[in-house]
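Undergrad: Quick one: sequence plus predicted model below, questions after.
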Amino acid sequence: MALERKKKARQNFLKDVVMPVINRIAEFHEEITGWRRDLHAHPELLYDVHRTAGKVVELLKSFGVDEVVTGMGRTGVVGVIKGRQATNGKVIGLRADMDALPIKEATGKPYASTTEGKMHACGHDGHTAMLLGAAKYLAETRNFDGTAIVIFQPAEEGGAGGKAMVDDGLMDRFGINEVFGMHNMPRLPVGQFAIREGGMMAATDEFIIEVEGMGGHAAMPQMGVDPVMIAAQMTVALQTLVSRNVDPVKSAVLSVTQIHAGAAFNVIPASSELKGTVRTLDEEVRALMEKRMGEMVPKIADAFGASARLEYKRGYPVVVNAPAQTEFAAKIAREIAGDDKVETNVAPVMGGEDFAYMSSARPGAFIFMGNGDSADLHQDTYDFNDEIIPLGCTYWVKMVETALPAS
């Protein structure tokens, strides 16, 4: 009786906040939630997602998908679902991420992480579960022509698993024409979507600056070259790259997040080190920041009689949403949520996403889906909202059935 009440409450919730969720998907909402909570309880990091990938493989095979490929991008999994007329349509790729974060969970949930120091604090467990739910439905109904490729990638959280899969031939091997991604978004209300054309999420670059001065007694600074003072000057000066070099209508962030130097109160050290990140939404701005840092850093050091070396590491590129794919993704979201629940010019996010490697290889679009009033991503109290599972599954299914209509 309690289970029936719970199911009815879920159905009423879906009627209140989201529009046409596919009935069959709503029927196995509880089952998908079980998958999600199992993944949540067993988080894995970066490429070490062997249990998670194994669970994905087991479920895909049980659904009867046409082909399951493992080891793509080291530990990625790809499922091939052919429509009724597979040779007559195009191929669409749908991507979810599988890895967790090195965070100690503090949710207190019954299904909380069973692995100390690891947790699904970004909702990748939910992303994986929703794509699995869509795969189950698509394999069962086959109400489309063409081929749907479901992509489960490792190492989104800093390991560039998306790049590893692309480098392994993901797009060419499966003949993918266009690719789509989705991410839950805390504080965006349940039943709402947000997207934008062009730069959606930022490039994530890192830098290390090593300053070589001349150490000495702290009471006699005139006898040395103080790398701590130079590091402080450099930290302030680097901010002018954003305020005075970047076009004010464009975006860039430069944050010095670490300064390391010295080990004693009365000793001026011989060297210092600065580390930080640069975030940009435009490849030209990205190149400008790297170029100007390379020019500024050694000159500031030289002005104080020191030397400095910059190591600039390019990370994930900008997530760029292609025009046609963005319009299509927004159309599908509107069909599910309604016109007033889809923001098509959402402000870009300066966080990064390695879906960028996939949307660089093929035209694509990345969309945010509301997770409701939850803790923010990467917090130890965050949890994916299981109530949005049918909405996410329906989005994926309608995307396939609309992009690859059955004749």
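TA: Perfect, thanks for sending it.
Undergrad: Asp383 is in contact with Ala375, correct?
TA: Yes: Ala375 lies in contact with Asp383 (Cβ atoms under 8 Å); the separation is 7.3 Å. Where C-beta positions appear, they are placed from N, C-alpha and C, glycine not excepted.
Undergrad: Of the two, which one has the most company?
TA: Asp383 (24 against 16; other Cβ atoms under 10 Å).
Undergrad: does the closest residue to that one other than its chain neighbours count as helix, strand or coil?
TA: In this structure, Asp383 finds its nearest non-sequential neighbour in Thr107, 5.2 Å apart by Cβ to Cβ, 6 or more residues apart in numbering. Using DSSP: H, G, I helix; E, B strand; the rest coil, the structure places Thr107 in coil.
Undergrad: Thr107: how many residues sit nearby?
TA: Residues near Thr107, counting by other Cβ under 10 Å, number 18.
Undergrad: pLDDT score assigned to it?
TA: For Thr107, the model assigns a pLDDT of 97.
Undergrad: I'd guessed it sits against Thr381; true?
TA: Yes: between Thr107 and Thr381 there is a contact under Cβ under 8 Å: 5.6 Å.
Undergrad: Point to the residue nearest the middle of this protein.
TA: Glu353 (3.6 Å; Cα atoms, centre = their mean).
Undergrad: ok, and the closest non-adjacent residue to that one?
TA: Nearest residue to Glu353, sequence neighbours excluded (Cβ to Cβ, 6+ apart): Met201, at 4.6 Å.
Undergrad: Could you check how many residues crowd around the one you found?
TA: 25.
Undergrad: now swap in Thr402 and tell me
TA: 14.
Undergrad: Do I have it right that it meets Ala329?
TA: No: contact criterion Cβ under 8 Å: Thr402 and Ala329 do not qualify, at 10.5 Å.
Undergrad: Counting neighbours, which bits of stretch 132-147 end up buried?
TA: 132-139, 142, 144-147 (16 or more other Cβ atoms under 10 Å).
Undergrad: Those: which two are farthest apart?
TA: Leu132 and Asp145 (22.7 Å; Cβ to Cβ).
Undergrad: so Arg334 makes contact with Val342?
TA: Yes: with contact defined as Cβ under 8 Å, Arg334 and Val342 form a contacting pair (5.0 Å).
Undergrad: More neighbours: which of these two?
TA: Higher neighbour count among Arg334 and Val342: Val342, with 21 against 16, using other Cβ under 10 Å.
Undergrad: Wait, the more buried one touches Ala329, no?
TA: No: applying Cβ under 8 Å as the test, Val342 and Ala329 come out as separate, 9.3 Å apart.
Undergrad: what do these two both touch?
TA: Ile195 (Cβ atoms under 8 Å, 6 or more residues apart in numbering).
Undergrad: Can you tell me the number of residues neighbouring the nearest residue to Ile176 once chain neighbours are set aside?
TA: Nearest residue to Ile176 in three dimensions, chain neighbours excluded: Gly93, at 4.2 Å (Cβ to Cβ, 6+ apart). For Gly93, the count of nearby residues is 24 (other Cβ under 10 Å).
Undergrad: Same question for Phe366.
TA: Residues near Phe366, counting by other Cβ under 10 Å: 25.
Undergrad: Same question for Pro102.
TA: By the criterion of other Cβ under 10 Å, Pro102 has 13 neighbours.
Undergrad: from the buried residues of stretch 132-147, which ones fall inside helices?
TA: Judged by DSSP state H, the buried residues of stretch 132-147 include 132-139 as members of helices.
Undergrad: Tell me which helix or strand Lys331 sits in.
TA: helix 323-337 (DSSP states H and E).
Undergrad: Now do the phi/psi pair for Leu310.
TA: Dihedral pair for Leu310: phi -100, psi 130, per degrees, to the nearest 10.
Undergrad: and the nearest residue to it once chain neighbours are set aside, how many neighbours?
TA: Using Cβ to Cβ, 6+ apart and skipping the chain neighbours, the partner closest in space to Leu310 is Val297 (4.5 Å). For Val297, the count of nearby residues is 23 (other Cβ under 10 Å).
Undergrad: pretty sure Val297 is in contact with Met234, am I right?
TA: Yes: here Val297 reaches Met234: they are 6.7 Å apart, a contact under Cβ under 8 Å.
Undergrad: So for the two, which residues contact both of them?
TA: 209, 308.
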